[in-house]
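> got a sequence here, can you build the structure:
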Amino acid sequence: MGEPVTSLRRLLLPCLTLAIVLLPAATPSARAQDSSYIRIPNATAEMEEAKAKARATLPQFWAKLEKPGADEDSFGLKVALPYGGNSTEHIWTKNIERNDGKIFGVINNRPRDVKTVRLGQRIEIGESQISDWMYTRSGKIVGNFTLRPMLSKMPPEDAARYRATLAEP
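Take a look at the predicted model:
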């Protein structure tokens, strides 16, 4: 499998590490800073709808995490971490575990504004902090609902690359 899997991982890595920051509603309109970090005003209808869909389908994620298919891996949760007065940075976690009613994950992208966690740190995750989920099936991303509203904020070539990795574009 060598090269095709390696190439696919190079494409998926940015999707796994894409971070967003939700800002208070008074913040100016969303603007892309680079394709791995996008600022979006808090409570936009599109993003709220994406997070609601992710939370509503979380039981699907838990079922797959518990019994993944042979071609399913790379399970991750996007977690809302507060900072400052009314701001939240959403960061992907990996190595998800559920033990004794608690959820744990490892920070999978470098926090930009949150100073209370660091890349590679294992944290406990409250279910109310979960803003999205994803895993890969046959190399395509399942879930990652919050990526879709961000596609229109990215440079077209980045958006096309991300769309190509989605199981359901």
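> so where's the protein uncertain?
Along the chain, the parts satisfying pLDDT under 70 run over 1-43.
> go with 90
For the chain, applying pLDDT under 90 flags the ranges 1-44, 83-88, 150, 152-154, 168-169.
> thought Trp133 was touching Ile141, still the case?
No - counting by C-beta atoms under 8 Å, no contact exists between Ile141 and Trp133, whose distance comes to 10.6 Å. All C-beta spots, glycine's among them, are computed from the backbone N, C-alpha and C.
> which residues in this structure form strands?
Shown for the chain, the strands assigned by DSSP state E span residues 19-23, 31-34, 37-41, 72-83, 87-99, 102-107, 122-125, 130-137, 140-143.
> could you spell out the sheet neighbours of the fifth one, each with its direction?
Right, the one you point to is strand 87-99. Sheet neighbours of strand 87-99, with direction, are listed as strand 19-23 (antiparallel), strand 72-83 (antiparallel), strand 102-107 (antiparallel) (DSSP bridges).
> list the buried ones in that strand?
Taking 16 or more other C-beta atoms under 10 Å as the neighbour-count basis, strand 87-99 is seen to contain the buried residues 87-94, 96.
> can you lay out the residues you listed as CSV showing distance to Met154?
Written out in CSV, the entries for these read as follows (distance: C-beta to C-beta, whole Å):
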residue, distance to Met154
Ser87, 21
Thr88, 20
Glu89, 18
His90, 16
Ile91, 18
Trp92, 17
Thr93, 22
Lys94, 22
Ile96, 26
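> which one of these sits closest to Glu72?
Minimum separation from Glu72 among these (C-beta to C-beta) is found for Ile96, which lies at 12.9 Å.
> need the contact list for that closest one.
Shown here is Ile96, whose contacts under the criterion C-beta atoms under 8 Å, 6 or more residues apart in numbering are 65, 75-77, 103-105.
> rerun at 7 Å
Contact partners of Ile96, counting by C-beta atoms under 7 Å, 6 or more residues apart in numbering, are 65, 75-77, 105.
> from Phe75, how far out is Gly120?
17 Å (C-beta to C-beta, to the nearest Å).
> of the two, who's got more company?
Neighbours per residue (other C-beta atoms under 10 Å) separate Gly120 from Phe75, with Phe75 holding more: 22 against 11.
> for the more buried one, which non-adjacent residue is spatially closest?
Counting by C-beta to C-beta, 6 or more residues apart in numbering, Tyr135 is the residue found nearest to Phe75 once chain neighbours are left out, at 4.4 Å.
> which residues does that neighbour bridge with?
As for beta bridges, Tyr135 partners with Val142 under DSSP bridges.
> give me the number of residues near it?
21.
> neighbours of the nearest residue to Leu166 once chain neighbours are set aside, how many?
The spatially closest residue to Leu166, leaving aside those adjacent along the chain, is Ile141, at 5.2 Å (C-beta to C-beta, 6+ apart). The local packing of Ile141 (other C-beta under 10 Å) involves 23 other residues.
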